[in-house]
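**Q** Take this sequence and fold it.
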Amino acid sequence: MKNSPKTSVKSVLLAFFMVLISTFSAFSDPQMTETAHAEAGHEATAEANHEGHKEGKLDIKGEIFGHISDSYDWHLFTLGEGHEATHVSVPLPVILYNPTNGLSVFMSSAFHHGHEPAHGYELYVDGGKQKIRAQDGSKFYDISITKNVLCLFISVIILLVLMTGVARKYKKNGINKAPSGFQNALEPIIGFIQDTVAKPYLGKHYLKYMPLLLTLFFFIWVNNLMGLLPFGFNLTGNIAVTLLLALVFFVVMLANSNKYFWGHIFNPPGIPFGIKLILVPIEILSNLLIKPAALAIRLFANIFAGHTIILSIILLIFIFGGLSKVAGIAFIPVSLGFTIFMFFLELLVAAIQAFIFTNLTAVFISQAIEEHHHDDDHGHH
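**A** Prediction:
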């Protein structure tokens, strides 16, 4: 554990801001006239499905996506039904830049849950996705602070406060004094990542990559846990976020790769030329596309699926209740039991997925920086 906590905590700050800037930019698409921020928010989904509720039908897809998707405000809960329903939510800043009309900054509450236009823009739901469009049909840039972006800010602030607090203790007391407080909880985790991930795969270079590995682990773990809180978020269940996390790893891997890594890709040693024609394209796809894509999709799919399953189990109460009130009431304890079980399982999955992403990052980087050894060297060792 010598020096590794101290070194890693100091370097975490820069890495967090790199992830922050890259992820924030992912929510903007300058090529689109209608800009979407992933999926529908609860309020817009409720309004879009109002007719279905009047007929006594439950829109399962709308309810699920309304809770786990991104939106332009942070919905807390709804009181009442239909037109008399009261939506309790926290409005978020909408920031739109139109090359013709200039910059527009206003709160999402100006849309009145999609009932009214604001500053020349309309909020609507299309295919289960909450979108904004310009009333005159012009193109614009959307850099709004959506619910997922708010989650990103909150998680970064939490981690910065905790990490800088631990760093101050190490600076003041050194590494030889017994840790205390949150430092006591953090140090075993850092040691675990160091001893089971960094050292086995990265060898003598492990200290160089500890800041990256710890940043990825704690960032993913904290956001996975935040998604399980009441009124929580679903940041790591957003494919745009996981793709950008994979992109951070991918850039680091390419920047530190050596000539032997590229030599094995474009000219595999000891392979007949005819086989190379088949093997080289496979190696290119595997190292430059499949690896980062696998990291992103694995994390996104596991978190998204976990949230979906929990919501689906809860909604079974209303599905059975639609068939019979007695059946709905009888299914409540069954649904609650499965929900509690899945919640605790997701607590475990939150840590496991953070570890897997960090572990695979170390594995892939080790393959890129692996040094060439001659047969004589192997025999000597």
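**Q** Pull the contacting residues for the spatially most central residue of the chain.
**A** In the chain, the centroid-proximal residue (CA atoms, centre = their mean) is Thr236; its distance is 2.1 Å. Residues near Thr236 by CB atoms under 8 Å, 6 or more residues apart in numbering: Ile220, Asn223, Asn224, Gly227, Thr242, Leu299, Phe300, Ile303, Gln353. No exception for glycine: its C-beta is placed from N, CA and C like everyone else's.
**Q** isn't there a helix covering it?
**A** Yes: looking at Thr236 with DSSP: H, G, I helix; E, B strand; the rest coil, it is inside a helix.
**Q** Please read off the pLDDT at it from the model.
**A** Thr236 carries a pLDDT score of 91 in this model.
**Q** Ok, Glu63 next?
**A** 68.
**Q** One more: Phe17?
**A** For Phe17, pLDDT reads 44.
**Q** Look up how far Tyr141 lies from Ala134.
**A** To Tyr141, Ala134 is 11 Å away according to CB to CB, to the nearest Å.
**Q** same question but for Leu323, I mixed them up
**A** 48 Å.
**Q** Between those two, which has more neighbouring residues?
**A** Ranked by neighbour count (other CB atoms under 10 Å), Leu323 and Tyr141 place Tyr141 first, with 16 against 10.
**Q** host element of the residue nearest to that one when sequence neighbours are not counted?
**A** Leaving aside its sequence neighbours, Tyr141 sits nearest to Tyr97 (CB to CB, 6 or more residues apart in numbering; 4.4 Å). Assigned by DSSP states H and E, Tyr97 belongs to strand 93-98.
**Q** tell me the mean pLDDT over stretch 367-381?
**A** Mean per-residue pLDDT for stretch 367-381: 61.
**Q** before we move on, the earlier item: put the buried members of the contacts of Thr236 into a ChimeraX selection.
**A** To isolate the buried members of these in ChimeraX, using 16 or more other CB atoms under 10 Å:
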select :220,223,224,227,242,299,300,303,353
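**Q** Just name the closest of the contacts of Thr236 to Ile145, please.
**A** Nearest to Ile145 out of the contacts of Thr236 is Asn223 (CB to CB; 16.5 Å).
**Q** that older thread, show me the residues around the residue nearest to Tyr141 that make contact.
**A** So Tyr97 contacts Leu103, Ser104, Phe140, Tyr141, Ile143 (CB under 8 Å, 6+ apart).
**Q** from memory Gly328 sits against Phe320, does it?
**A** Yes: taking contacts as CB atoms under 8 Å, Gly328 lies within contact range of Phe320: 4.7 Å.
**Q** Next, Gly270: phi, psi?
**A** phi 70, psi 20 (degrees, to the nearest 10).
**Q** try Pro117
**A** phi -70, psi 160.
**Q** neighbours of it, just the number please.
**A** Pro117 has 16 nearby residues by other CB under 10 Å.
**Q** do the one 3 residues further on as well
**A** When counting by other CB under 10 Å, one arrives at 14 neighbours for Gly120.
**Q** which one's the longest helix in the chain?
**A** In the chain, with assignment by DSSP state H, the single longest helix is helix 325-369.
**Q** In three-state terms, how would Pro230 be classified?
**A** Assignment for Pro230 (three-state DSSP): coil.
**Q** any idea how far Tyr206 is from it?
**A** Counting by CB to CB, the gap from Pro230 to Tyr206 is 39 Å.
**Q** so what secondary structure elements neighbour the one helix or strand Thr215 maps to?
**A** Secondary-structure assignment from DSSP H and E places Thr215 in helix 206-226. Helices and strands touching helix 206-226, as assessed by 3 or more CB pairs under 8 Å, 6 or more residues apart in numbering; DSSP states H and E, comprise helix 4-25, helix 147-173, helix 182-193, helix 199-202, helix 239-256, helix 325-369.
**Q** Just put those in TSV and tack on distance to Leu315.
**A** Converted to TSV, the helices and strands packed on helix 206-226 look like this (distance: least, CB to CB, whole Å):
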stretch	distance to Leu315
helix 4-25	30
helix 147-173	21
helix 182-193	36
helix 199-202	42
helix 239-256	23
helix 325-369	9
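**Q** Nearest to Ile275, out of the ones you listed?
**A** helix 325-369 (20.6 Å).
**Q** Any idea how far the closest one is from the middle of the chain?
**A** Offset of helix 325-369 from its chain centre (CA atoms, centre = their mean, to the nearest Å): 14 Å.
**Q** that older thread, please identify which of Pro230 and Tyr206 sits among more neighbours.
**A** More neighbours surround Tyr206 than the other of Pro230 and Tyr206, with 20 against 6 (other CB under 10 Å).
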